[in-house]
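Asks: structural data only, the sequence is not supplied:
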């Protein structure tokens, strides 16, 4: 009885290890085939989308809609919302319709020879400060 039990245990061990490996590999193959099926479905959907976009009419529509492109000889005009619309509250309307800003009142004396020379020196100083990046 003991030899029969030992042989049976040995047979179970010999058969279990390869079967467990085969079962694990089969699960991996099933998961991989499911991924391949999903990717092939995505590929079909992308091919259908690419064929729909490849027509010239659709390409022109997408170029106008997404990239604001126009055909040669055409002009693109964008109409902005008015001041009263709630679409863009930070937009104050057309700046051309705003009243002009009055210049500040100057209480300066008429220019003299001395003030013109100081104006020249101020200009030279500003010019030098502007060109400081050359140093």
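Replies: Sure, I can see it. A quick note: this is a predicted structure, and the numbers were derived from the prediction, not measured.
Asks: average pLDDT for the one helix or strand residue 32 maps to?
Replies: Secondary structure assigned from DSSP states H and E places residue 32 in helix 2-53. In this model, helix 2-53 has an average pLDDT of 89.
Asks: please state the offset of that helix from the chain centre?
Replies: Here helix 2-53 shows a centroid-to-chain-centroid distance of 40 Å under the convention Cα atoms, centre = their mean, to the nearest Å.
Asks: with stretch 123-135 instead?
Replies: Computed by Cα atoms, centre = their mean, the separation of stretch 123-135 from the middle of its chain amounts to 40 Å.
Asks: buried set for it?
Replies: Burial within stretch 123-135, assessed by neighbour count using 16 or more other Cβ atoms under 10 Å, is assigned to no residue. Using the backbone N, CA and C atoms, a C-beta is placed for each residue, glycine as well.
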